[in-house]
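Asker: requesting a structural model of the entry that follows:
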Amino acid sequence: MDFNNLAEFHVFEELGQKILFDPERMNFYRLDDLSHQMLREVAEAKRVTDEMFAGWGKKYGEAETNQRLDDLKKLGLFEPIKFETTSIPPKQKRGISAISLYVTHQCNLSCRYCSENNSGNSEINKHMSLAVAREAVELLADSEVWAISLNGGEPLLKLPVMRQIVDHIKSKAVEKKIKKTIFGMTTNGTLIDKDAAEFCKENGIKLTVSVDGDAEVHDKARITCLGGPSHEKAMQGIRILKDAGQPFSINMVMGPYHKDLVGTVKYLMDLSPKGITILPASVIQNEWNIVHNNPDHLKNQFRELAKKWIEWRKNGVTPVDGNFEDNIIRILKKEKRYSDCEAGLSFIGIGSDGSVYPCHLFVDFPELARKTGTPSWPEIENRNIGNIPECRKCWARYVCAGGCVSLHYSTTRDLRQVDSDECRMTKFLIELSMASFSLLPDDVKKYIAIKAKREKQASKAVHG
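Answerer: Predicted structure coming up:
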């Protein structure tokens, strides 16, 4: 049997589990030793030969071999679905409904892995004025929902102007009869006081605080401009948020100094955030880049976290980090994603001087700034897994969807290229997620499947 008559499949082993993933059908299965061995041989030879079939029959028995082939046939392995790049629908321009305002490029910290500290964009103004923010708001289309993100630098350095910006946006939303306006902000937490906490609460701001772990871990990279520690100030800010009843999530940047990721996540969970996002340091091109410089350490730490995640789930604890569950839900929803986000389409970033970028993560790259007219970046608008060579035949294409374009651009400086190190790490985490899910009790699997179904229904209700 020629390989072209077989469906595309990916076979791997992780956490002691042997897994088959069907990319086109978005299904994955746990395999027994015989099926796994057969598929590994098929994948290596790119065909099923008479010699292979005879060898399986001699080693495992003809009846057993035929049974396994029948089982694989029922999974659709001999009914391939062709991946046609020409069938990918073009991205639709629906008008800009989300903007990220870079309120300031200045920060009271000097984090060792921060791209802002190594930005080549030195000509840009340091703070955003209300006038610039007003012009940015005019780019928003008349849609049902506006999403506004306040970023930096450290945005709380400019709390007075942020108040003015938020008030103006809320007034504009009423004028244009926008049904819902969502505000978000990311902060290092060190400048949070009662005034800042009340500002966030009054305006329903979805707040994210950057915390990398306990004081020993956090203060290795998240230092002040004078080289001092920042952990206690951040914890003080979190205590103020709790006292004010202001919910928050946590962004944790993982570096080479994280020797106990499980312990760090447990520490962060004890702070009672709504969610935890783990971001391996990868944007900055120096020794702090753990994805490029120490991927094996990163993988081992995530493996240990996966084992703990399974244990937590078995014991009825729902971890607030979504590193594994998010990947599983994407697969269970069976929604094929052709690109990772709406950067440059419905979502844009505004630099402090008013320059327009595909998203706020591009503000360190002045070559992508647009000054006047309708902002447009054809390479991003046309970017999808069908026209990126590395993605076109990748088994993870619909889950990853080409990845974050700004993350890849930070390394490749080409909007059409992907960073191979990032790709390998992404595929590892997807494999680890499937293996972890396969080890969960049936009732927990059912819970996650129901959650995926509800998310899919909600997405259909919004996008049709």
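Asker: is the residue located most distally from the centre of the chain in a helix, a strand, or coil?
Answerer: Most distant residue from the mean C-alpha position of the chain: Lys58, 47.0 Å away (CA atoms, centre = their mean). Look at Lys58: counting by DSSP: H, G, I helix; E, B strand; the rest coil, its state is helix.
Asker: show me what the lengthiest helix in the chain is packed against.
Answerer: The longest helix of the chain (DSSP state H) is helix 442-463. Judged by 3 or more CB pairs under 8 Å, 6 or more residues apart in numbering; DSSP states H and E, the packing partners of helix 442-463 are helix 325-333. Bear in mind the C-beta positions are built from the backbone N, C-alpha and C, glycine included.
Asker: which outside residues touch the helix it packs on?
Answerer: 26, 28, 337, 399, 429-430, 433-434, 436-437, 448-449, 451-453, 455-456, 459 (CB atoms under 8 Å, 6 or more residues apart in numbering).
Asker: again, only using 6 Å
Answerer: Residues outside helix 325-333 that contact it (CB atoms under 6 Å, 6 or more residues apart in numbering): Met26, Val399, Ile430, Ser433, Phe437, Ala449, Ala452, Lys456.
Asker: can these go into TSV with extra columns for pLDDT?
Answerer: Formatted as TSV, these follow (pLDDT from 0 to 100):
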residue	pLDDT
Met26	94
Val399	95
Ile430	97
Ser433	97
Phe437	97
Ala449	95
Ala452	94
Lys456	86
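Asker: determine which two of those residues are furthest apart.
Answerer: Spanning the widest gap among the contacts of helix 325-333 are Ile430 and Lys456, at 18.6 Å by CB to CB.
Asker: ok, these two, which is more surrounded?
Answerer: Neighbours were counted for Ile430 and for Lys456 using other CB atoms under 10 Å; Ile430 has more, 23 against 15.
Asker: Glu287 versus that one, what's the distance?
Answerer: 27 Å (CB to CB, to the nearest Å).
Asker: rewinding a little: buried among the contacts of helix 325-333? Need that as a selection in ChimeraX.
Answerer: Only the buried entries of the contacts of helix 325-333 go into this ChimeraX selection, using 16 or more other CB atoms under 10 Å:
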select :26,399,430,433,437,452
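Asker: break down the stretch 101-250 of the chain into its strands, ranges please.
Answerer: 145-152, 180-187, 206-210, 248-254 (DSSP state E, counting those that start in this stretch).
Asker: direction included, what does the third one pair up with?
Answerer: According to DSSP bridges, strand 206-210 forms sheet pairs with strand 180-187 (parallel), strand 248-254 (parallel).
Asker: among the ones you listed, which is the most enclosed?
Answerer: strand 248-254 (a mean of 22; mean count of other CB atoms under 10 Å).
Asker: tell me which residues are up against the helix or strand that that strand is followed by.
Answerer: Going down the chain from strand 248-254, the next helix or strand is helix 261-269, by DSSP states H and E. The contact list for helix 261-269 (CB under 6 Å, 6+ apart) reads Gly213, Asp214, Ile250, Ile276, Gln301, Glu304, Leu305, Lys308, Asp321.
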